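need the 3D shape of this:
(2 chains)
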There are 2 protein chains.
Amino acid sequence: MITCDKTRMEEKIKTFSRFGDTGHGGSTRLSLSPEALEARKEFIRRMEALGASVVWDDLANLYATIPGSENLPAIVSGSHLDSVRQGGNYDGVLGVLSAMEMAETIVKNQIPHRHPITVAVWTNEEGARFEPAMMCSGIICGKFSKEEMMNSEAKDIPGYTFGQALKESGFAGDEGNRISPDRCAALIELHAEQGPVLEAEKKEIGIVEGVVGMVNYEFTFTGQADHAGTTPMPYRKDALYAAAQGILYLHRELDQLDPSLVYTTGKISAIPNIHTVIPGEVKITLDARHRDMAVLDQVVEIIEHMPKEFAGCSVKTEKAWARTTVQFAPWLVDIIEKSAAKAGYPAKRMYSGAGHDAQYLCEMVPTTMIFVPSEGGHSHCELEHTSLQQCVQGVNVLLDAVLEIDKK
Amino acid sequence: MITCDKTRMEEKIKTFSRFGDTGHGGSTRLSLSPEALEARKEFIRRMEALGASVVWDDLANLYATIPGSENLPAIVSGSHLDSVRQGGNYDGVLGVLSAMEMAETIVKNQIPHRHPITVAVWTNEEGARFEPAMMCSGIICGKFSKEEMMNSEAKDIPGYTFGQALKESGFAGDEGNRISPDRCAALIELHAEQGPVLEAEKKEIGIVEGVVGMVNYEFTFTGQADHAGTTPMPYRKDALYAAAQGILYLHRELDQLDPSLVYTTGKISAIPNIHTVIPGEVKITLDARHRDMAVLDQVVEIIEHMPKEFAGCSVKTEKAWARTTVQFAPWLVDIIEKSAAKAGYPAKRMYSGAGHDAQYLCEMVPTTMIFVPSEGGHSHCELEHTSLQQCVQGVNVLLDAVLEIDKK
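Now for the predicted structure:
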């Protein structure tokens, strides 16, 4: 089995972590920011040096293509270079660097391949500067209107839009360069797991079968704001007491469903939120995810049958949004599994709990993902870490899978 | 029993509700704001027309004094004219108008009295513009440093201090005019109850024996912020789940104490408070009040013996502050009780759950309070209401009590 070069991979990780370096182990590389543009330029310089021709589409998505020996659609791999504010050095960028190292190994070792090999960079995956997340893969796949997205306002500069940033970046290219089914045979995105499962189960490779479906709800508990000192307990309608009961109710009920369900009450707001006033209104969110939509239906049923009152306060439930489970191309998933087995890396089939560009792109082209472990499950923070050895293992699986696909 | 004039009282309430009228049933009359100064000027105009001499001290506290027939310390009654933002037409101002109507009844009916009768207005009771509440009675009674208070910054105008507002108001008078034990025989503050008890128990008059003691705590629940989609339930340390358990624990334990204990978890904050992230840290406040300090000691004991962990998250408890129960002068409380009985108004001995200037001033001069009902218990909002009949009843009790004190 051909493998990549560990020293080269280490150098790539070190170099790219300098773009937007926070100075304490992380990066802030917001989409189309000067730091992100520097990283793009380094990407282009390196890929051109490798003999790739680099183009970009109207959304600044980059495609660096090494020609194949036959006139076939490309095998594509890549991820994103943007990060959240004070993010780590692995989320997104690792998928780009892995694809670069995969391509470099093929070129440097003069490995014959029939298909062109494209390393791709998707614009604005995080949505940390311009909402929403996965914006540009989403536009390509018809999830968002391009016109609306162009007006998305930067969180760091009031009035500054994604459209303006795109124009100023010099990366507003030709729409004809967008990824398309006729020019792409397969797409593989390598990514850090962003969770603790691989590490805890001592697995090195996550074979990603799809992205879990989810439902999002908002609960509003309405009581009566009254004076903390003058209102005897029996007269109270304390919306925070009600919300606390509601949270425990949800845990009690949802814990009876399939144990791989994850659900989170991540956000809470109270009105008036003053220590001397009984809370009159409290809102909480619920985010529930599972690969099996039937389990999410059970979640919805529990919410719909929730008591309409806790602690004398009314409860209103509102569905915010939902998405169905995304299934990746089974034949590609199988290839990843075989490549991991061939290398002897302990691997695990799993679903991604987080969103990725791959979940939109898989509707257009055959797609799957490879996960490598996240130390301590840390993600979207400076603590983010995957060992060099694990990164290299990920590239090796990617490389082998690309060469396997090339045989088809 | 001599009674006040209902029509006159109605006119007073209507006129003063125009200063800072919000246009929908309430008032915004922040301390020393143009609206509050207008109300002060109307107060002075009316009291001088009644034959009072009006002075103010170095903190803009007003004292309008009708002379008595003997050289004795004054009987003082009053409250405050400032309101919270979008407050009602009763909190504070009713105590001033009641004292004015009491004085007007005595003057118009030429009722002989040995003591001077002073109608007082305390500056910045609410603390809604310049913190803290009860600022100027607090300075007089040594609770706060005058120098520090002068630097208290306005919430509505950055950099603008209480000291500047005081100077600009024209009401920075002579420190020698402050209320003092040698010039004050007794102090009675009439106030709306700000709670639902009198209304619910069909009582017309609250005979206020004191102000409840209180303890304030902050609880910090510390877990681990992780991705809502990628972190299986067994790996989580959800600080909001922990806080919900903590709130229920507090209710379960504190509900076993004396039923007249009131306690409130009024404020909650979560970090990072994003619907797709498991809360890593949640803070809640606890405000507990009771007239019997031994009950508050039990509250403290429950908090100190609280589990140090909920849902895998650590719990840190921190005492924010506490105040001991304030006892009003028993002989004055008895006089109020007798006056209410004489008038035939259903009355109830009670403690104030809210803070009032009287709680500081009672350390300097014999003090008590009279409560009148708050419709629906509403307070600090535009819904605040006490019927005209109930206001008049309050004035009648105040008037009779003043004349009783005058006999001593």
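
look at A:P132 and tell me its secondary structure.
Classification of A:P132 by DSSP: H, G, I helix; E, B strand; the rest coil places it in coil.

that one touches A:F144, doesn't it?
Yes: the pair formed by A:P132 and A:F144 meets the contact definition of C-beta atoms under 8 Å, at 7.0 Å. All C-beta atoms are positioned from the backbone trio N, CA, C, and that covers glycine.

these two: which is more packed in?
A:F144 (18 against 14; other C-beta atoms under 10 Å in any protein chain shown).

and the nearest residue to the more buried one once chain neighbours are set aside, what does it touch?
In space, not counting the residues next to it along the chain, A:F144 is nearest to A:G138; the distance is 4.6 Å by C-beta to C-beta, 6 or more residues apart in numbering or on different chains. Contacts for A:G138 were tallied using C-beta atoms under 8 Å, 6 or more residues apart in numbering or on different chains; they are A:132, A:144, A:360.

if I look at the residue of the stretch 51-200 of chain A found nearest chain B, how far off is A:V395?
Relative to chain B, the nearest point of the stretch 51-200 of chain A is A:G195 (2.9 Å; C-beta to the nearest C-beta). Taking C-beta to C-beta, to the nearest Å as the criterion, A:G195 is separated from A:V395 by 21 Å.

likewise for A:V402?
For A:V402, the distance to A:V395 under the criterion C-beta to C-beta works out to 10 Å.

what's the overlap in contacts for these two?
Shared between the contact lists of A:V402 and A:V395 (criterion: C-beta under 8 Å, 6+ apart) are residues A:M102.

more neighbours: which of the two?
For the pair A:V402 and A:V395, the greater number of neighbours falls to A:V395 (29 against 25), based on other C-beta under 10 Å.

for that one, which residues are in contact?
Neighbouring residues of A:V395 by C-beta under 8 Å, 6+ apart: A:4, A:9, A:98, A:101-102, A:105, A:190.

do the same with A:S387
Neighbours of A:S387 in contact, by C-beta under 8 Å, 6+ apart: A:373, A:375.

pLDDT score for it?
A:S387 carries a pLDDT value of 98.

one more: A:A154?
In the prediction, the pLDDT value recorded for A:A154 is 94.

before we move on, what about the one 10 residues further on?
For A:Q164, the model assigns a pLDDT of 98.

surely it is within a strand?
No: using three-state DSSP, the assignment for A:Q164 is helix, not a strand.

tally of neighbours for it?
Using other C-beta under 10 Å: A:Q164 sits among 16 other residues.

what's the answer for the one 3 residues further on, then?
Other residues within reach of A:K167, judged by other C-beta under 10 Å, total 13.

doesn't it belong to a helix?
Yes: counting by three-state DSSP, A:K167 is located in a helix.

tell me which element A:S77 falls in.
Under the assignment given by DSSP states H and E, the secondary-structure element containing A:S77 is strand A:74-80.

restricting to C-alpha, output that strand in CSV.
As requested, C-alpha coordinates have been extracted for strand A:74-80 and formatted as CSV (Å, rounded to 0.1, in the frame of the first residue of the first chain):
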residue,chain,number,x,y,z
ALA,A,74,-12.4,14.0,-11.8
ILE,A,75,-12.0,12.4,-8.4
VAL,A,76,-12.4,15.3,-6.0
SER,A,77,-11.3,15.7,-2.4
GLY,A,78,-11.1,18.7,-0.2
SER,A,79,-12.8,20.7,2.6
HIS,A,80,-12.7,24.3,3.7
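
let me see the mean pLDDT of the next helix or strand after it.
Toward the C-terminus, strand A:74-80 is succeeded by helix A:93-108 as the next helix or strand (DSSP H and E). Within the predicted structure, the mean pLDDT of helix A:93-108 is 98.

using CSV, list the CA coordinates for helix A:93-108.
The C-alpha trace of helix A:93-108 is given here as CSV (Å, rounded to 0.1, in the frame of the first residue of the first chain):
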residue,chain,number,x,y,z
VAL,A,93,-8.0,22.8,6.8
LEU,A,94,-7.0,19.2,7.6
GLY,A,95,-9.3,18.0,4.8
VAL,A,96,-7.7,20.4,2.3
LEU,A,97,-4.1,19.6,3.4
SER,A,98,-4.9,15.8,3.3
ALA,A,99,-6.2,16.1,-0.3
MET,A,100,-3.1,18.2,-1.1
GLU,A,101,-0.8,15.5,0.4
MET,A,102,-2.7,12.8,-1.4
ALA,A,103,-2.2,14.6,-4.7
GLU,A,104,1.4,15.3,-3.9
THR,A,105,2.1,11.7,-3.2
ILE,A,106,0.5,10.7,-6.5
VAL,A,107,2.5,13.3,-8.4
LYS,A,108,5.9,12.8,-6.6
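
contacts for the next helix or strand after that helix?
Read in the C-terminal direction, the helix or strand following helix A:93-108 is strand A:117-122, with elements assigned using DSSP H and E. The set of residues that contact strand A:117-122 without belonging to it, under C-beta under 8 Å, 6+ apart, is A:40, A:43, A:47, A:52, A:61-66, A:68, A:74-81, A:96, A:99-100, A:102-103, A:106, A:134, A:136-137, A:179, A:184, A:187, A:357, A:402.

now the next helix-or-strand element following strand A:117-122, how far from the chain's geometric center?
Read in the C-terminal direction, the helix or strand following strand A:117-122 is helix A:135-140, with elements assigned using DSSP H and E. Using C-alpha atoms, centre = their mean, to the nearest Å, the distance from the centre of helix A:135-140 to the centre of the chain it belongs to is 13 Å.

A:M135 is in contact with A:F162, isn't it?
Yes: in terms of C-beta under 8 Å, A:M135 counts as a neighbour of A:F162; the distance is 7.3 Å.

count of neighbours near the residue in the stretch 301-408 of chain A that chain B sits nearest to?
Closest contact between the stretch 301-408 of chain A and chain B, by C-beta to the nearest C-beta, is at A:G353 (3.1 Å). By other C-beta under 10 Å, the residues close to A:G353 number 24.

how close does the nearest residue to it once chain neighbours are set aside get to A:M350?
Spatial nearest neighbour of A:G353, excluding adjacent residues (C-beta to C-beta, 6+ apart): B:G229 at 3.1 Å. Distance, B:G229 to A:M350, using C-beta to C-beta: 12 Å.

now do the shared contacts for A:M135 and A:F162.
By the contact definition C-beta under 8 Å, 6+ apart, A:M135 and A:F162 are jointly contacted by A:124, A:149, A:152.

out of those residues, which are buried?
For these, a burial check counting by 16 or more other C-beta atoms under 10 Å in any protein chain shown picks out A:124, A:149, A:152.

shouldn't the first one be in contact with A:R29?
In this case it means A:N124. No: in this structure A:N124 lies outside contact range of A:R29 using C-beta under 8 Å: 11.4 Å.

sorry, back to before: for A:E168, see how far away the residue nearest to A:F144 is.
According to C-beta to C-beta, A:G138 stands 22 Å off from A:E168.

the lengthiest helix in chain A: which residues count as buried?
In chain A, assigned by DSSP state H, the helix with the most residues is helix A:388-407. For helix A:388-407, the neighbour count (16+ other C-beta under 10 Å) marks A:390-406 as buried.

please apply the same query to stretch A:18-32.
A:19-20, A:22, A:26-32.

extract the C-alpha trace of the longest helix of chain A and format it as PDB.
Presented in PDB, the C-alpha positions along helix A:388-407 are these (Å, rounded to 0.1, in the frame of the first residue of the first chain):
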ATOM      1  CA  LEU A 388       0.300  13.800  13.200                       C
ATOM      2  CA  GLN A 389       0.200  10.000  13.000                       C
ATOM      3  CA  GLN A 390      -3.600  10.100  12.900                       C
ATOM      4  CA  CYS A 391      -3.500  12.800  10.200                       C
ATOM      5  CA  VAL A 392      -1.100  10.700   8.100                       C
ATOM      6  CA  GLN A 393      -3.300   7.600   8.600                       C
ATOM      7  CA  GLY A 394      -6.300   9.600   7.300                       C
ATOM      8  CA  VAL A 395      -4.300  10.700   4.200                       C
ATOM      9  CA  ASN A 396      -3.200   7.100   3.600                       C
ATOM     10  CA  VAL A 397      -6.900   5.900   3.600                       C
ATOM     11  CA  LEU A 398      -7.800   8.800   1.300                       C
ATOM     12  CA  LEU A 399      -5.000   8.000  -1.100                       C
ATOM     13  CA  ASP A 400      -5.800   4.300  -1.300                       C
ATOM     14  CA  ALA A 401      -9.500   5.100  -1.800                       C
ATOM     15  CA  VAL A 402      -8.800   7.500  -4.600                       C
ATOM     16  CA  LEU A 403      -6.600   5.000  -6.300                       C
ATOM     17  CA  GLU A 404      -9.300   2.300  -5.800                       C
ATOM     18  CA  ILE A 405     -11.900   4.600  -7.300                       C
ATOM     19  CA  ASP A 406      -9.500   5.300 -10.200                       C
ATOM     20  CA  LYS A 407      -9.700   1.600 -11.100                       C
END
